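Asker: coordinates for the following, if possible.
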Amino acid sequence: MPTLALLAAAMLAQAPRAGGPPIPPETLTIVVAATTDVHGRVMSWDYEQHREAPLGLVRAATVVDSLRRAHPGRVVLVDAGDLIQGNSFATYFARVQPRAVHPILAAMNRMGYAVAAPGNHEFNFGLGAMQRALGAAAFPYLAANVVDARTRVSPFAPYVLLDVMGVRVGIAGAITPGVLVWDAPYVRGTLDFLDVAQAVPPVVREMRSRGADVTVLVVHAGLDGESSYPPGAAPPEDNVAAAIRAAPDLDLAVIGHTHREITDTTVGRTLVVQPRNWAQSVAVAELRLVRDGGRWRVAAKRGRAIPLARVAPHPEFIGALTGAHDSVVAWVRRPLARATAAMSAVRARLEDTPVLDFINRVQLERTGAQLSATAAFNLRGGIPAGDVTTADVTSIYPYENTLKAIRISGADLRAYLERSSRFYRGMGATGPVENDSVPGYNFDMVSGAEYELDLAQPVGRRVVRLLVNGRAVADTDSFTLALNSYRQQGGGGFAMLARAPVVYDRGESIRDILIDDVERRRVIRPEDFFVRNWSIRGVRATP
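Answerer: So this is what the prediction gives:
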């Protein structure tokens, strides 16, 4: 706590002198508030479960208002990407009923964001849809490492310089180069994505040379760890720790992409913060500045996160978004068919389940492939008994993936299943032990083959039985495999799939195909497509 003497000195320093201008304060605190990976969560509502949710920009708006009251004129609000994709609200206004101003961007304009960086999921609907959505922003989108493939000129500004209470704040933006893998059909030959570690440091230096007292990086990429695409793939690394170390004059980095929460980490001299995904928290970085030789410099900094679960939604934002929200609710609640029994995904990563067999059956029928693969994206998802709605289908397939099929060898099929099994560290006393460094969407299940995983073995020797059509798979065998575009392009580090030739690609949304199939069937019977074909040794399957 400051002493009374220090408080008195500070008050005298800020008091006006008779006959002259006010003396500027010798210390000042600037607050950077941040969101990231909102993925359509504007309202505090779960459209798949049809209930209130402890998240959303409407709650973040309450926190931001509070911060601005506490620090008038000194709050800079930023976002690190992945806004317009990820839930039914996002899908509806991207694909079903696009608006001149996307409601997500309208909400952000109302909240007074200063800048944002694009996320890789901004590209999921194509460049035209992305440009229409982000073009409605009343704030700049920044990406120093994106250039036009032909002209080498960036479609985004690399940075901006803001005046915050007389302090010059430079903010640069960047994005993971993985867009070149995950959304290659949209960006190949049009945009190039450079190494963040090479593109960002010169921009930080330029901001300093133009008088920036504070430098900030807002970047949609993880801090460190393995890239989420195959080693040796064309794009550079999918993390930014190297970029931060290469820019020693960077004061603050706001990151995203990995759906982690980082509150007060330092890399070199750079403070790193990351708010929780889905607008579940707001990251807050407080930068205390002092005057030094006529310039401001950062003397101290700290980061924290404000969870939003117990924060009341902002009534003004609720009122402004109610019409858009009601439209989405009506769309997702429309009955498509009737199911004779419930199909839950809760055990889908432990045993073969009807709900994933349904996805694979639809993919097999559409592509004519011999095998089909999918993951359990959401263990809370499923098809209920009775009416089946768009929300139910979205709960089991939330992503904007398209359907593809490849030709794969027996050796690569085995390698694929082995890599997929990395989701588990091994077999514990009470069952499989998950590997918290591997996301659940990277554990795939294959229909059309019979196989067993022994998690007591090391990765590389876990597939202890593998048959197709009742015959043991040989390395030289060849099969067609239906799968999603993310996996086909090597997403998750599946290099053996990225190198396989593509035999089917019509650019079809898998979720749209599933919805169409549900409507066509009218009655969903689990026994029509459930075939128990894979297992984990030691796990007793549900009867």
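Asker: low-confidence regions, the stretch 1-150 of the chain specifically.
Answerer: Within the stretch 1-150 of the chain, the stretches with pLDDT under 70 are 1-25.
Asker: can you show me the strands along it?
Answerer: Counting by DSSP state E, counting those that start in this stretch, the stretch 1-150 of the chain has strands at residues 27-35, 45-46, 51-52, 75-79, 115-116, 146-148.
Asker: per-residue confidence at P185?
Answerer: pLDDT recorded at P185 is 89.
Asker: kindly apply the preceding question to V282 instead.
Answerer: Looking at V282, its pLDDT reads 98.
Asker: next one: the one 3 residues further on
Answerer: The model reports A285 with a pLDDT of 98.
Asker: do the same with D264
Answerer: 84.
Asker: ok, longest helix in the protein?
Answerer: Selection of the longest helix in the chain by residue count, based on DSSP state H, yields helix 315-332.
Asker: low-confidence stretches in the stretch 151-300 of the chain?
Answerer: Applying pLDDT under 70 to the stretch 151-300 of the chain picks out residues 231-234.
Asker: may I see the buried residues of the longest helix of the chain?
Answerer: Residues 317-318, 321, 324-325, 327-329, 331-332 are the ones in helix 315-332 that count as buried (16 or more other CB atoms under 10 Å). Just so you know, the C-beta spots here come from the backbone N, C-alpha and C atoms, and that holds for glycine as well.
Asker: now do it, average pLDDT.
Answerer: Helix 315-332 shows a mean pLDDT of 96 in the predicted model.
Asker: so what strands line up beside the helix or strand following that helix?
Answerer: Using DSSP states H and E, the helix or strand that follows helix 315-332 towards the C-terminus is strand 335-339. Applying DSSP bridges, strand 335-339 is found paired with strand 386-389 (antiparallel), strand 523-524 (parallel).
Asker: Provide the strand pairings for the helix or strand following strand 335-339, with the direction of each partner.
Answerer: Later in the chain than strand 335-339, the nearest helix or strand by DSSP H and E is strand 343-344. The pairing partners recorded for strand 343-344 under DSSP bridges are strand 382-383 (antiparallel).
Asker: circling back to that earlier point, which one of the strands of the stretch 1-150 of the chain lies nearest to Q363?
Answerer: Among the strands of the stretch 1-150 of the chain, the nearest to Q363 by CB to CB is strand 45-46 (26.5 Å).
Asker: show residues contacting that closest one.
Answerer: Strand 45-46 has contacts (CB atoms under 8 Å, 6 or more residues apart in numbering) with 51-53, 56, 325, 329.
Asker: contact partners for the closest residue to L481 other than its chain neighbours?
Answerer: Spatial nearest neighbour of L481, excluding adjacent residues (CB to CB, 6 or more residues apart in numbering): L371 at 4.5 Å. With contacts defined as CB under 8 Å, 6+ apart, the neighbours of L371 are 364, 408, 413, 446-449, 468, 479-482.
Asker: F529 now?
Answerer: Applying CB under 8 Å, 6+ apart, the residues contacting F529 are 354, 357-358, 361.
Asker: my guess is L250 meets V240, correct?
Answerer: No - using CB atoms under 8 Å, L250 makes no contact with V240, being 10.3 Å away.
Asker: any common contacting residues for those two?
Answerer: Common contacts of L250 and V240 (CB under 8 Å, 6+ apart): 200, 217.
Asker: so can I have a markdown table of the buried residues of helix 315-332 showing distance to G431?
Answerer: Listed next are the buried residues of helix 315-332 as a markdown table, based on distance: CB to CB, whole Å:
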| residue | distance to G431 |
| --- | --- |
| F317 | 44 |
| I318 | 43 |
| L321 | 43 |
| A324 | 43 |
| H325 | 40 |
| S327 | 43 |
| V328 | 38 |
| V329 | 38 |
| W331 | 39 |
| V332 | 34 |
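Asker: for those, which one is nearest R511?
Answerer: Checking the buried residues of helix 315-332 against R511 by CB to CB gives V332 as the nearest, at 11.9 Å.
Asker: what's the closest non-adjacent residue to that closest one?
Answerer: A391 (3.8 Å).
Asker: my read is that neighbour is in a helix, agree?
Answerer: Yes - assignment of A391 by DSSP: H, G, I helix; E, B strand; the rest coil places it within a helix.
Asker: please tell me how far it sits from S88.
Answerer: Using CB to CB, to the nearest Å, we find A391 at a distance of 6 Å from S88.
Asker: mutual contacts of those two, please.
Answerer: Shared contacts of A391 and S88 (CB under 8 Å, 6+ apart): 47-48, 332.
Asker: what is the nearest of these to I84?
Answerer: For those, with I84 as the reference and CB to CB as the criterion, the closest is Y47, at 15.1 Å.
Asker: which residues touch the closest one?
Answerer: Listed by CB under 8 Å, 6+ apart, the contact partners of Y47 are 87-89, 328-329, 332, 391, 394.
Asker: could you rerun that using 6 Å?
Answerer: 87-88, 332, 391 (CB atoms under 6 Å, 6 or more residues apart in numbering).
Asker: can I get those residues in a markdown table including distance to R380?
Answerer: A markdown table is the format used below for the contacts of Y47 (distance: CB to CB, whole Å):
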| residue | distance to R380 |
| --- | --- |
| N87 | 13 |
| S88 | 14 |
| V332 | 15 |
| A391 | 12 |
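Asker: of those residues, just the buried ones, ChimeraX syntax please.
Answerer: The ChimeraX command for the buried members of these (criterion: 16+ other CB under 10 Å) is given here:
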select :87,88,332,391
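Asker: re the thing from before, which one of the strands of the stretch 1-150 of the chain lies closest to G268?
Answerer: Within the strands of the stretch 1-150 of the chain, the stretch nearest G268 is strand 27-35; the backing value is 18.0 Å (CB to CB).
Asker: list the contacts of A305.
Answerer: With CB under 6 Å, 6+ apart, A305 has these contacts: 261, 263, 281, 283.
Asker: mind telling me what element it is part of?
Answerer: strand 295-307.
Asker: name the strands paired with that strand and say parallel or antiparallel.
Answerer: strand 281-292 (antiparallel).
Asker: quick one: the strand it pairs with to strand 27-35, angle?
Answerer: Relative orientation of strand 281-292 and strand 27-35, computed by axes from the mean of the first three to the mean of the last three CA atoms, to 10 degrees: 160 degrees.
Asker: so L497, which of the three states?
Answerer: Put simply, L497 is helix when judged by three-state DSSP.
Asker: quick check: the residue nearest to V332 touching N87?
Answerer: No - contact criterion CB atoms under 6 Å: A391 and N87 do not qualify, at 9.9 Å.
Asker: wait, what's in contact with the residue nearest to V332?
Answerer: Shown in contact with A391 (CB under 6 Å, 6+ apart): 47-48, 332.
Asker: go again using 8 Å as the cut-off
Answerer: Taking CB under 8 Å, 6+ apart, one finds 47-50, 88, 332-333 in contact with A391.
Asker: got it, and V254?
Answerer: Residues in contact with V254 (CB under 8 Å, 6+ apart) are 32, 34, 36, 78, 80, 216-219, 273-274, 283, 285.
Asker: recalculate using a threshold of 7 Å.
Answerer: By CB atoms under 7 Å, 6 or more residues apart in numbering, the contact list for V254 reads 32, 34, 78, 80, 216, 218, 273, 283.
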